[in-house]
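> After the sequence you'll find the predicted model.
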Amino acid sequence: MEFPLKKHHLTTSQIIIIGFALVILIGSMILMLPISSRGEGGTSFSDALFTATSAVCVTGLVVHDTATYWSGFGQAVILVLIQIGGMGVVTVAVFIAMVSGRKIGLMQRSTMQEAIAAPQVGGIVRLTGFILKMTFLIECIGMLLMMPVFISHFGVGKGIWYSVFHSISAFCNAGFDLMGVKSNFSSLTFFVSQPVINLTIMLLIIIGGIGFLTWDDIITKRHHIKKYRMQSKVILVTSAVLIVFPAVYFFFGELAGYPMGKRILASLFQAVTPRTAGFNTVDLTLMTGAGQAIIIFLMLIGGSPGSTAGGMKTTTLAVMLASARSVFHRKNQAGFFGRRISEDAIRNAAAILLMYLVLFLAGGIIISRVEALPLSDCLFETASAIGTVGLTLGITTSLGQVSRAILIFLMYMGRVGGLTLIFAATSTTKSYTSKLPQEKITVG
């Protein structure tokens, strides 16, 4: 007797994680080629893998200076990886299918829905087209705004390339720069008081980090804020709070010695960039422990769902705060703006928060032990990795293979999402009509 073979179809979570992994692997192979670097003999697989992972996961941590180590071809490869990682592998795949005239099936639509955190499958192709148009439009505007400044400093050819590279890197919240770590142009510290570069980079980071669905609300409903989705309102309010309060602290606490104009720009920039861009205009090693702790907090939170940013997401923080508020006020439900939050959302937020904290702490402790480095520096590094930020206190290039592997894992987890990875590993959902007996347990 013959038994029919059971067909196993990939779930949307599995498609997303496999897609990111394949792009990282292909990018690593290309970066290993001699043409990708300026030196002879090419790049080792471990260095190429770290760089490709950092680019696709839009992080910005590097083991080689992007400006001096990689050739023009290598920099272009990194930029393509950043663009794919920022927009999402699935979005790029759907775009290719649309351009080639292929029909977008229900499976592709469902995968796209999960990739950009859309509420429903309906209208997903229209939303994909909107995302692509807005992405290229905003990146072009950012490029044009920065171009005169970069041309005046670096010449026409290099100035145009720097404008393109930094516009895409900022919008995708990647944090890669071409300024060179061994010069006065380290990250964007040279431009700390330059308003055009500061404001343009900040706006690109914010726009890229608030999420595609929030754009859709802003564009279609404009000033009718009451008509926005609850999620969009939560994202905008939470993002504003996470920019304003840290900026006030940096202004009065960390950057009090700066001249007024430079102080305002630097304070705002340092509040925006940890979520999750990774540029910096001041030396982070000169900040106090309190200032670095605030940056770690911002890095772990990250951007918003369905955006170019990573991290646990602003909505995760907001949901946990709303849940805590409901407990403090002895209410049996949590919500925002007259709308109730589902129990599933609260459970997911709690699981994500716990997962990020455990990975962040465990990774930092292991790296500190292996490398014999201060725990605070290592925790800063792991927060930067899992939040896909790219800020560092200068220890990345000196780390060994074990520590690099930990950072690669954290960057990958931070970009694809911890729950996505777990759901991919446990693809079947078990539902039970019966429930276990309930017994009271005291917490707190």
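Cool, got the structure. Residues are numbered from 1 along each chain as shown.

> Am I right that residue 198 is in contact with residue 281?
Yes: proximity of residue 198 to residue 281 meets the contact threshold set by Cβ atoms under 8 Å, at 6.8 Å. (Each C-beta comes from the backbone N, C-alpha and C, glycine too.)

> shared neighbours, these two?
188, 191-192, 265, 269 (Cβ atoms under 8 Å, 6 or more residues apart in numbering).

> Now flag whichever of those is closest to residue 390.
Using Cβ to Cβ, residue 188 comes nearest to residue 390 of these, at 12.3 Å.

> Which phi and psi values does the closest one adopt?
The phi and psi values for residue 188, taken as degrees, to the nearest 10, are phi -110, psi 30.

> Do you have the strands of the protein handy? List them.
With strands called from DSSP state E, the chain shows them at 335-336, 339-340.

> Compare those and report which one is nearest to residue 359.
Comparing these by Cβ to Cβ, strand 335-336 comes nearest, at 27.6 Å.

> before we move on, back to that, I'd like the strands of the chain laid out as JSON lines, including mean pLDDT.
Shown next, in JSON lines, are those (pLDDT from 0 to 100):
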{"stretch": "strand 335-336", "mean pLDDT": "84"}
{"stretch": "strand 339-340", "mean pLDDT": "86"}
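
> just to revisit the earlier point, of the shared contacts of residue 198 and residue 281 - the most surrounded one?
residue 269 (25 neighbours; other Cβ atoms under 10 Å).

> hang on, the earlier thing: tell me which of the strands of the chain is the most buried.
Of all these, strand 335-336 has the most neighbours on average by mean count of other Cβ atoms under 10 Å, namely a mean of 17.

> who does it pair up with?
Strand pairing for strand 335-336, determined by DSSP bridges: strand 339-340 (antiparallel).

> Not counting its own residues, what contacts the strand it pairs with?
230, 333-334.

> Next: stretch 370-385.
So stretch 370-385 is contacted by 59, 61, 278, 289, 292, 295-296, 299-300, 359-361, 363-365, 367-368, 389-393, 395-396, 398-400, 402-403, 406-407, 410-411, 414 (Cβ under 8 Å, 6+ apart).

> repeat that for 6 Å
296, 299-300, 360, 363-364, 367-368, 391, 393, 395, 402-403, 407, 410-411 (Cβ atoms under 6 Å, 6 or more residues apart in numbering).

> again with stretch 305-320
Contact with stretch 305-320 is made by 86, 116-117, 172-173, 208-209, 211-213, 234-235, 238-239, 276, 301-304, 341, 345-346, 349, 352-353, 356, 387-388, 414-415, as judged by Cβ under 6 Å, 6+ apart.

> Pull up the gap between the residue lying closest to residue 39 once chain neighbours are set aside and residue 149, please.
Distances taken as Cβ to Cβ, 6 or more residues apart in numbering place residue 69 nearest to residue 39, at 7.5 Å, with adjacent residues excluded. Noted for residue 69: a distance of 25 Å to residue 149, by Cβ to Cβ, to the nearest Å.

> For the shared contacts of residue 198 and residue 281, which two are the farthest from each other?
Farthest pair in these (Cβ to Cβ) is 188 and 265. Separation: 10.6 Å.

> Let's test this: mean pLDDT of stretch 71-87, rounded?
Mean pLDDT, stretch 71-87: 92.

> ditto for stretch 373-388
Throughout stretch 373-388, pLDDT has a mean value of 94.

> Residue 327: neighbouring residues, count only.
Neighbours of residue 327 using other Cβ under 10 Å come to 12.

> where's it relative to residue 335, distance?
For residue 327 relative to residue 335 (Cβ to Cβ), the value is 13 Å.

> Residue 205 now?
Distance of residue 205 to residue 335, computed by Cβ to Cβ: 29 Å.

> repeat for residue 375
For residue 375, the distance to residue 335 (Cβ to Cβ) stands at 39 Å.

> burial count for the nearest residue to residue 189 once chain neighbours are set aside?
Take residue 189 and drop its neighbours on the chain: the residue closest to it by Cβ to Cβ, 6+ apart is residue 281, 5.6 Å away. For residue 281, the neighbour count with other Cβ under 10 Å is 23.

> Thank you kindly, that will do.
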